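A.B. asks: Any chance you could fold what I've pasted below:
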Amino acid sequence: MTDLTSIKDHVILVAGGASGIGYEIAKYLVSVGAIVVATDKNAEGLASLDKEVQSKNLHTKVVDFLNDQDIADLIQYIEVEIGPLKGVINCVGILGQRGILSEEIDMENFDLVYKVNLRSALVLSIEAIKVMKPRKYGRILQLASISGKEGNPGLVAYSVTKAGMIAMVKSQGKEYAESGITINALAPALIATPMVASFTEEQRNFLKDKIPMNRIGDPIEVATLAAWIVSPACSFTTGFAFDLTGGRATY
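C.D. replies: Sure, this is the predicted structure:
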């Protein structure tokens, strides 16, 4: 019987693979046989990933996701130099300002968070769809957040962009439902990443106390679920935001 969960030899792009969840996802995908293209603007982080993984199945490339042409060129590079793109996992994102009220928001910072978190996600999905659609197969997964479903005080820009990402996925999932491409989101709660490590203890405890399992999630728990979502096994779910919240979100 064919193992539909297998992604062996599948070419999968992990955008934002130089740290945190993206780093862990890239490592895990290589370990299960995928051909991974990890991209980020952080060259040092990509070099660390390459050094740790040490596999011919890992390719790294520095990309500026604020540049539309860089994104388009990335997809063409993969298609020509690596192989047919079967999956995209987008982990590109920044928090922006935090711990402030809406009236204190610096709108330039808000615009930056929008461009990094949401606009680049849309551009990346469009470029991926262009090459996946003729083959009638593809998996696109956007890393959203519980903040996009429930909102978090003091994180307005981040919450807004992650909510927008979830809405984008719902719309695109319906648009391309008959194309063979599934488009989903993954919305974790608090995960042990460098981004979360930058929070104050008070901020971490505030968020952890909302989780019924009373613990912070591990990046490998995100990676294993992400791997399934971009596998052939996840074929009848699209336009959906998967939760990974330790019981916080059950809807």
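A.B. asks: In a helix, Val123, correct?
C.D. replies: Yes: with DSSP: H, G, I helix; E, B strand; the rest coil as the criterion, Val123 is located in a helix.
A.B. asks: Cross-check the contact I'm expecting between it and Asp70.
C.D. replies: No: between Val123 and Asp70 there is no contact under Cβ atoms under 8 Å: 9.6 Å. From N, CA and C alone the C-beta is placed, and that goes for glycine too.
A.B. asks: Quick check: Leu207 touching Pro188?
C.D. replies: No: contact criterion Cβ under 8 Å: Leu207 and Pro188 do not qualify, at 11.2 Å.
A.B. asks: pull the longest strand from this protein.
C.D. replies: As assigned by DSSP state E, the longest strand anywhere in the chain is strand 181-188.
A.B. asks: Pull the helix or strand of the chain with the lowest mean pLDDT out as CSV, backbone CA atoms only.
C.D. replies: Among the helices and strands of the chain, helix 194-197 carries the lowest confidence by mean pLDDT, DSSP states H and E, at a mean of 81. The C-alpha trace of helix 194-197 is given here as CSV (Å, rounded to 0.1, in the frame of the first residue of the first chain):
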residue,chain,number,x,y,z
PRO,A,194,13.9,32.6,19.9
MET,A,195,10.9,35.0,19.2
VAL,A,196,9.1,33.8,22.3
ALA,A,197,12.4,33.8,24.3
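A.B. asks: which other helices and strands contact it?
C.D. replies: Applying 3 or more Cβ pairs under 8 Å, 6 or more residues apart in numbering; DSSP states H and E, we find helix 194-197 packed against no helix or strand.
A.B. asks: contacts for the helix or strand following it?
C.D. replies: Where DSSP states H and E defines the elements, the next helix or strand beyond helix 194-197 is helix 201-208. Helix 201-208 is contacted from outside by 98-99, 152, 189-190, 196, 199, 214-216, using Cβ atoms under 8 Å, 6 or more residues apart in numbering.
A.B. asks: Name only those of the residues you listed that count as buried.
C.D. replies: 98, 152, 189-190, 196, 199, 216 (16 or more other Cβ atoms under 10 Å).
A.B. asks: can I assume Gly87 sits in a strand?
C.D. replies: Yes: assignment of Gly87 by three-state DSSP places it within a strand.
A.B. asks: what are the bridge partners for it, then?
C.D. replies: Under the criterion DSSP bridges, Gly87 forms beta bridges with Ile12, Arg139.
A.B. asks: returning to that earlier point: out of the buried ones among the contacts of helix 201-208, which one sits closest to Met1?
C.D. replies: Taking Cβ to Cβ as the measure, Met1 lies nearest Ala189 of these, at 35.0 Å.
A.B. asks: ok, Tyr158 - contacts?
C.D. replies: Applying Cβ under 8 Å, 6+ apart, one finds that Tyr158 lies in contact with 93-96, 98, 113, 117, 145, 147, 152.
A.B. asks: can we see that at 10 Å?
C.D. replies: Tyr158 makes contacts with 93-98, 110, 113, 117, 145, 147-148, 151-152, as judged by Cβ atoms under 10 Å, 6 or more residues apart in numbering.
A.B. asks: got the contact list for Pro188?
C.D. replies: 21, 143-147, 217, 219, 221-222, 225-226, 242-246, 248-249.
A.B. asks: can you do 7 Å?
C.D. replies: By Cβ atoms under 7 Å, 6 or more residues apart in numbering, Pro188 lies in contact with 145-146, 217, 222, 244-245.
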